[in-house]
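Student: Have a look; sequence and predicted model below, questions after that.
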Protein chains: 2
Amino acid sequence: MLNRTRPFSHVLEQLRSVNLRPTRQRLALAKLLFEKPDRHVTAEALHKEAAAEGARVSLATVYNTLHQFTEAGLLKEITVDAGCSYFDTNITSHHHCYDEDTGALMDIPAQHLQVVGSPAIPEGKSIRRIDIVVRVGE
Amino acid sequence: MLNRTRPFSHVLEQLRSVNLRPTRQRLALAKLLFEKPDRHVTAEALHKEAAAEGARVSLATVYNTLHQFTEAGLLKEITVDAGCSYFDTNITSHHHCYDEDTGALMDIPAQHLQVVGSPAIPEGKSIRRIDIVVRVGE
DNA sequence: GTGTTTGCAAAGTGTTTGCAATTTA
DNA sequence: TAAATTGCAAACACTTTGCAAACAC
């Protein structure tokens, strides 16, 4: 049986470990985000999705929650478009394909694309991460 | 002698070829952008720079001009930060190092960093470009 | 002169914030 | 009950747009 009856124990634990109370709003958003794998959402899109499911969550709370989840390591924030943040539920190392026409963001498994070489970086700084974005269109 | 006495003939030609009249504002911005190599500017920053030089150019015109230059192939638009566009005068193929603390954007020569592998992309789409961003911080 | 470009101010978009009311532990 | 969280509306930062005046050809 294991954890079948507690589908969000992982999220619950993670929230607990970073002192985020499992409120109705956070649980509803977590359900939407983590029930299916490898989701890429914008705040606006997640807000609409929640509304469509009948979960009353304000847009401000969606923003707060996405940032809190990101800080907690449950999400990764992806920048592919100025003026709109994406959040990725796949927190493992990988890259992205961005459709500039539709705004769709897709994962590219780490093993499909690799960076060769080591760039010079400024004195006293360290690499936080290396992002590859494959931009596609018609 | 060649073109020594006409330092902006290249830009003038480019502007002409895409039907952009060489106005006082466009020439002032081109001077700031192309006199030094490999510049990375935001609209706001370029606007301030122009003002500091005594060139009266409105912010709206800076935005318009940056986009027109980008369409003309004189600039490349770089997305590294949601909510702020960078424009790069280096239009050759290369990559970027972004300092998340200071907002500084630096070039990484193409030969220092390469992508290995070929990602699956959606049916009917083609790759417009592949960007690598090395994010650094303290 | 004719069509293009500019500057302003207003509008737009995505995001953050202040704070009173609500909820959690 | 004490502390955290929420929702609203206002504030924000960056960018775009509408339109009359100025400019380029």
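Tutor: Great, that's in hand. Numbers count the residues shown, from 1 in each chain, chains lettered A, B, ... in the order given.

Student: Next one: residue A:111 from residue A:95, what distance?
Tutor: 10 Å (C-beta to C-beta, to the nearest Å). Placement of C-beta: from N, CA and C, glycine included.

Student: Strands along chain A, start to end?
Tutor: Secondary structure of chain A, counting by DSSP state E: strands at A:40-41, A:76-81, A:84-88, A:94-99, A:105-109, A:114-116, A:126-137.

Student: buried set for the second one?
Tutor: I take that to be strand A:76-81. A:76, A:78-81 (16 or more other C-beta atoms under 10 Å in any protein chain shown).

Student: related to what we said a few turns ago, any chance of the strands of chain A in a markdown table with mean pLDDT and distance to DNA strand D as columns?
Tutor: Below are the strands of chain A laid out as a markdown table (pLDDT from 0 to 100; distance: least, C-beta to the nearest atom of the strand, whole Å):
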| stretch | mean pLDDT | distance to DNA strand D |
| --- | --- | --- |
| strand A:40-41 | 97 | 16 |
| strand A:76-81 | 96 | 11 |
| strand A:84-88 | 96 | 11 |
| strand A:94-99 | 96 | 17 |
| strand A:105-109 | 95 | 20 |
| strand A:114-116 | 92 | 27 |
| strand A:126-137 | 95 | 17 |
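
Student: Which one of those lies nearest to DNA strand C?
Tutor: Closest of those to DNA strand C is strand A:84-88, at 3.5 Å (criterion: C-beta to the nearest atom of the strand).

Student: any idea which of the buried residues of strand A:76-81 is closest to residue A:125?
Tutor: For these, the residue nearest residue A:125 by C-beta to C-beta is residue A:79; the value is 18.4 Å.

Student: My read is that residue A:89 contacts residue A:73, right?
Tutor: No. Between residue A:89 and residue A:73 there is no contact under C-beta atoms under 8 Å: 11.6 Å.

Student: And for residue A:18, the neighbour number?
Tutor: By other C-beta atoms under 10 Å in any protein chain shown, 13 other residues sit near residue A:18.

Student: residue contacts, it?
Tutor: Contact analysis of residue A:18 by C-beta atoms under 8 Å, 6 or more residues apart in numbering or on different chains lists A:68, A:71-72.

Student: Look up phi and psi at it.
Tutor: For residue A:18, the backbone dihedrals (degrees, to the nearest 10) come out as phi -110, psi 20.

Student: Report the central residue of chain A.
Tutor: Ranked by distance to the mean C-alpha position of chain A (C-alpha atoms, centre = their mean), the top residue is residue A:88 at 2.5 Å.

Student: Longest helix in chain A, please.
Tutor: Longest helix of chain A, by residue count under DSSP state H: helix A:59-71.

Student: and that helix, which residues are buried?
Tutor: Buried residues in helix A:59-71, counted by 16+ other C-beta under 10 Å: A:61-62, A:65-66, A:68-70.
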